[in-house]
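J.: the following comprises the amino acid sequence and a computationally predicted model.
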Amino acid sequence: QVQLVESGGGSAQPGGSLTLSCAYSGFTWAYYSIGWFRQAPGGQEREGISSINTSDDSTYYADSVKGRFTISRDNAKSTVYLQMNSLQPEDTGIYYCAGTVMYGSLSRYEYDSWGQGTQVTVSS
């Protein structure tokens, strides 16, 4: 059974930084992708912001976070990280990590295993 557990959410001021962690387990595929998604307040759709592929550590970013967020993976710990710098109020939301066999996808429809989410709030 696939499990993903996010941690590291919290509050930050504009321009600040946070690092999220996603501990994953139970994947039976040889290779898969771990993605980060964000759901802004007000019930907006869950937006794919970054993913990393376990076969070659290739990474993908949405334009909204490119240059500010960095995704990485520690294979020994089965953990994916999302380093978030230069945070802005529009980065506020619940952040989810998820798993898929698709390569390089940022579409929530292609992910079928999800964590419970962690709240990130950016405000002054």
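T.: The structure has been received and is ready for your questions.
J.: can you give me the buried ones in stretch 68-77?
T.: Phe69, Ile71, Arg73 (16 or more other CB atoms under 10 Å). C-beta here means a position set from N, CA and C on the backbone, and glycine is covered the same way.
J.: list phi and psi for the last one.
T.: It stands for Arg73. Main-chain dihedrals, Arg73, degrees, to the nearest 10: phi -140, psi 140.
J.: contacts only, for it.
T.: Residues near Arg73 by CB atoms under 8 Å, 6 or more residues apart in numbering: Ile34, Ile52, Thr54, Asp57, Thr79, Val80, Tyr81.
J.: ok, the spatially closest residue to the fourth one that is not a sequence neighbour to Gln116 distance?
T.: Okay, so that is Asp57. Spatially, and ignoring its direct neighbours in sequence, Asp57 is nearest to Arg73 (6.1 Å; CB to CB, 6 or more residues apart in numbering). The gap separating Arg73 from Gln116 is 20 Å, by CB to CB, to the nearest Å.
J.: Tyr95 now?
T.: Per CB to CB, Tyr95 is found 11 Å from Gln116.
J.: pick out whichever of the two has more residues nearby.
T.: It is Tyr95, of Tyr95 and Gln116, that has more neighbours when counted by other CB atoms under 10 Å, with 25 against 10.
J.: what does stretch 102-114 contact?
T.: Here stretch 102-114 makes contact (CB under 8 Å, 6+ apart) with 2-4, 33, 35, 37, 45-51, 53, 55, 58, 60, 62, 96-100.
J.: great, nothing more from me.
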